[in-house]
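In: Fold the following.
(chains A and B)
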Amino acid sequence: MNKYFLFFLFSLATTVSYGQKLKAVYEYLLSPVATFREQVYFQDGIKTSIRDSLAQPKPQSTENTNDEELSGSMSVTLDMGKVYRNIVIQKNNVSQLVETRSLKGSNYLVSDEFPPLVWNTNYTDVDTLGKHICHKATATYRGTTLVAYYTNDIPVPAGPYKFGGLPGLIVMLYNEGANPHYWLLKEIEYPYTGDVPVNEKYIHGLPKLSLESYIKKDDLETEEQMRVMMSKMPMMDGVNVEHKKIRGSVEQVYEWEKN
Amino acid sequence: MSLVAVAALSNAAFAGTDAKASKENANVKTTTEKLAESNAKAKVSEASKESKSMLTKCVYTLNVYNGSGQVVGTYTSQTYVENSCSGFFDNCRTIYRHMLASGELGI
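Out: Residues are numbered from 1 along each chain as shown, chains lettered A, B, ... in the order given. Purely as a prediction, here's the structure:
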């Protein structure tokens, strides 16, 4: 009985929330060298996520070497051409979503057969993040585990990037793994009265690719750049240099890469 | 099986272990000085072991990111030094900065 009541409440809240526009701004930390600002809009069951093309200025140096330590590091960024805003447009109850992605200085419209997120909300954990009381939820997603904290205070099933579908707005989300990505809610306007700053005509006029084609092309391009870099590494007597390829995205394993 | 036979087998087994250890340690040793041709494996093994315990392992990592800020790979340089790693780190920094400045890192 309780389950039916909760489902009814969730359905009601979702229906009511569809009528009101929401704008949320997330801080997106995807690596030690890059923090982006991501704006999320939600109206009539359509979620639009817009990530800035430029990273926010970093207050500290990325070089980390302490001579007293036994390890040191330095960071470099590959020049892979102009980077455009990443825009994700996702409709509720539709598995396919579209997003814009940059490749070799060009912008593409990429279609993604997004796997449904099955959230496990059977957690008793309750945390206060900012002024929001948040509940924990987890889901398996493309080779990683997502951990989300959502708030029932804002009954909008939205969240950053491609994520959402919880009873309330996602306040914080990260993926488990060696290279975790973090999204943290920074600002919210609810109800939001402005427009979504996206030119749909421009977006739908972009050259189209499936996500599989895009990822394969992007991987090839990165591998080629890394191969060239490795060939230029100087040989030092007594020094062993090893190269390790890393997929630093949230997605670790795609559907077509399984088996 | 006699006691002598057991002792002989044990020696053979240990000899095999020594040879393997010697080979592994030799890889470490060659990073700092050239090893002479070994005609006494047990002796070389012992010397390498002492040498390894005196050496310090230094690891310098070059993290590579794509234009979106995602890590796409690492280059790990590893060596053994007698004292501090600072000289090795200075060399790595100088080399990578030079490569950056001359556009050889694809930046």
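In: low pLDDT regions in the stretch 51-200 of chain A?
Out: Scanning the stretch 51-200 of chain A for pLDDT under 70 picks out A:58-69.
In: For it, just list every one of the strands.
Out: A:64-65, A:71-77, A:86-91, A:96-103, A:106-113, A:126-129, A:132-141, A:144-151, A:169-175, A:182-189 (DSSP state E, counting those that start in this stretch).
In: and the very next helix or strand once past the last one, how far from the chain's centre?
Out: Using DSSP states H and E, the helix or strand that directly follows strand A:182-189 along the chain is helix A:200-204. Distance of helix A:200-204 from its chain centroid, counting by C-alpha atoms, centre = their mean, to the nearest Å, is 21 Å.
In: Nearest to chain B: which residue in the stretch 151-259 of chain A?
Out: Residue nearest to chain B within the stretch 151-259 of chain A: A:Gly248 (3.6 Å; C-beta to the nearest C-beta). For glycine as for every other residue, the C-beta is placed from the backbone atoms N, C-alpha and C.
In: worst-scoring helix or strand of chain B, pLDDT-wise?
Out: Least confident element among the helices and strands of chain B, by mean pLDDT, DSSP states H and E: helix B:3-29 (a mean of 36).
In: now the residue of the stretch 151-259 of chain A closest to chain B: how far from A:Leu30?
Out: According to C-beta to C-beta, to the nearest Å, A:Gly248 and A:Leu30 sit 7 Å apart.
In: shared neighbours of those two, which are they?
Out: B:Gln70 (C-beta atoms under 8 Å, 6 or more residues apart in numbering or on different chains).
In: any chance of the strands of the stretch 51-200 of chain A in CSV, with distance to chain B and mean neighbour count too?
Out: Formatted as CSV, these follow (distance: least, C-beta to the nearest C-beta, whole Å; neighbours: other C-beta atoms under 10 Å in any protein chain shown):
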stretch, distance to chain B, mean neighbour count
strand A:64-65, 5, 16
strand A:71-77, 4, 19
strand A:86-91, 8, 21
strand A:96-103, 7, 19
strand A:106-113, 12, 18
strand A:126-129, 24, 12
strand A:132-141, 16, 18
strand A:144-151, 14, 22
strand A:169-175, 12, 25
strand A:182-189, 13, 18
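In: In a strand, B:Leu100, correct?
Out: No: assignment of B:Leu100 by DSSP: H, G, I helix; E, B strand; the rest coil gives helix, placing it outside any strand.
In: Wait, it touches A:Ser75, no?
Out: No: the pair B:Leu100 / A:Ser75 is not scored as a contact, 10.7 Å apart, by C-beta atoms under 8 Å.
In: which parts of the stretch 151-259 of chain A sit against chain B?
Out: A:179, A:222, A:225-226, A:228-230, A:232-234, A:236, A:238-249 (C-beta under 8 Å from any C-beta of the partner chain).
In: Among the residues you listed, name the ones in helices.
Out: A:Thr222, A:Gln225, A:Met226, A:Val228, A:Met229, A:Met230, A:Lys232 (DSSP state H).
In: Can you redo the residues you listed as CSV, where the extra columns are neighbour count?
Out: Output for those, formatted as CSV (neighbours: other C-beta atoms under 10 Å in any protein chain shown):
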residue, neighbour count
A:Thr222, 20
A:Gln225, 19
A:Met226, 20
A:Val228, 13
A:Met229, 21
A:Met230, 12
A:Lys232, 12
